[in-house]
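**Student:** any chance you can model this:
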Amino acid sequence: MQAAVWYAAKDLRVEQAEVPSIRDPHEVKVKVAACGICGSDLHEYAAGPIFIPVDAPHPISGDKAPIIMGHEFAGEVVEVGDKVTRVKVGDRVAIEPILSPNQDGAYLMERYNLSPQLGFHGLSGGGGGFSEFTVMGEHMVHVLPDDLSFEQGALVEPAAVGLHAVRQSSLKAGDTAAVFGAGPIGLMTIEALKAAGAAQIYAVEISSARKAKAESLGAVVIDPEQEDAVAKLQTLSDGGVDVAFEVTGIPAVLNQALHSTHAGGETVVVSIWEGEASFQPNDLVIQERTMKGIIAYRHIYPAVMALMQKGYFRAEDMVTQRIPLEAVVEQGFEALLNDKSQVKIIVSP
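**Tutor:** Predicted coordinates for the structure are as follows:
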């Protein structure tokens, strides 16, 4: 089968790989139908390794680089282990790619995304969505409702990040929020804020295409290259927003997000970072602000799919390009690095 295999930063190769087999009675084999390119994938391609194990095998997958990439995906179940009960052959499924301690088809931790052994199928070994077939535990598959497409299924993973960020924040219905960065996760966060009842949502973004996307979703857009984003937010929100979401991974933007909140406000850091960032602790202390981080999601796929059935997180609002697997490097990763008009690119094996 064809697969996109990560060897090192800027060294991603589409090559022939062995078709994986079920080796555990609680495993499921999936024929991949659609897989999105994630911001985390882009970080690994441009400056990795971050989650990709290179010196020692990942403790759960047992793999180290080179590994097959792709963790935002959906497909069809083509084979199941003898003890699988969650799905059957022919089911359409969205994949929850979290690698965390598990046994007999279930995660062992309640907050399984906070395991010290956290990894991701498609980033930490075990196979991935940039391939024709892949195998994972049944605890990682969720049946897609009949009215959601495979492409929509591939968006469940990034939508889960946005929804988890909002649910872990202090935001209440009627509050104001600012989202710094209107890439795929930023746009998903805007949608999650709408579902949560935010009264006003601001988006800080420089890309014209992404600004248009954010505006179409109902956000008031601010371009930090055209005006002082913090001053504008403080004015528009009468002293600062209730919650700011940092979704860029840029150190200067972290400070902007922090200063955009009012006294007692909250900043939620959603990004995965390539390096360190600094801020003045007094900006938290003197204003009694709070800052928190979130990683991935947990127990949230059913809620995401239910919101999708109500019209949230629509593929037509997010997907800007569809490409075959053999074009994933030039038309996928390189395009996302060099063309900020791209939002979500969907790959079909």
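
**Student:** now do the contacts for residue 133.
**Tutor:** 1, 19, 20, 29, 30, 31, 32, 78 (CB atoms under 8 Å, 6 or more residues apart in numbering). For glycine as for every other residue, the C-beta is placed from the backbone atoms N, C-alpha and C.

**Student:** now list the buried members of those residues.
**Tutor:** Among the contacts of residue 133, those classed as buried by 16 or more other CB atoms under 10 Å are 1, 20, 29, 30, 32.

**Student:** okay, the first one and residue 127: tell me how far apart.
**Tutor:** So that's residue 1. The spacing between residue 1 and residue 127, counted by CB to CB, to the nearest Å, is 11 Å.

**Student:** now do the helices in the stretch 51-200 of the chain.
**Tutor:** Counting by DSSP state H, counting those that start in this stretch, one finds helices in the stretch 51-200 of the chain at the ranges 150-154, 156-168, 184-196.

**Student:** closest one to residue 51 among the ones you listed?
**Tutor:** Residue 51 lies closest to helix 156-168 among the helices of the stretch 51-200 of the chain, at 14.1 Å (CB to CB).

**Student:** can you list the buried residues in that closest one?
**Tutor:** 156, 157, 158, 159, 160, 161, 162, 163, 164, 165, 166, 168.

**Student:** among the buried ones among the contacts of residue 133, which lie within strands?
**Tutor:** Among the buried ones among the contacts of residue 133, DSSP state E puts 29, 30, 32 in strands.

**Student:** tell me the bridge partners for the first one.
**Tutor:** The partner list for residue 29 in beta bridges (DSSP bridges) reads residue 79, residue 135.

**Student:** now do the contacts for it.
**Tutor:** Residue 29 touches 20, 21, 22, 77, 78, 79, 80, 133, 134, 135, counting by CB under 8 Å, 6+ apart.

**Student:** using PyMOL, make a named selection holding only the buried ones among those residues.
**Tutor:** Selecting only the buried entries of the contacts of residue 29 in PyMOL, with 16+ other CB under 10 Å as the criterion:
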select buried, resi 20+22+77+80+133+134+135
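
**Student:** residue ranges in the protein under the pLDDT threshold?
**Tutor:** Judged against pLDDT under 70, the chain has no low-scoring part.

**Student:** just to revisit the earlier point, and the contacts of residue 29, which two are the farthest apart?
**Tutor:** 21 and 77 (14.7 Å).

**Student:** what's the span of stretch 141-158 from first residue to last?
**Tutor:** 15 Å (CA to CA, to the nearest Å).

**Student:** centre of the chain to it, how far?
**Tutor:** Put simply, stretch 141-158 sits 14 Å off its chain's centre (CA atoms, centre = their mean, to the nearest Å).

**Student:** one more: stretch 274-284?
**Tutor:** Relative to the centre of its chain, stretch 274-284 is centred 23 Å away, using CA atoms, centre = their mean.

**Student:** first-to-last residue distance for it?
**Tutor:** 23 Å.

**Student:** on that earlier part again, between the helices of the stretch 51-200 of the chain, which one is nearest to residue 307?
**Tutor:** Across the helices of the stretch 51-200 of the chain, residue 307 has its closest neighbour in helix 184-196 (5.5 Å, CB to CB).
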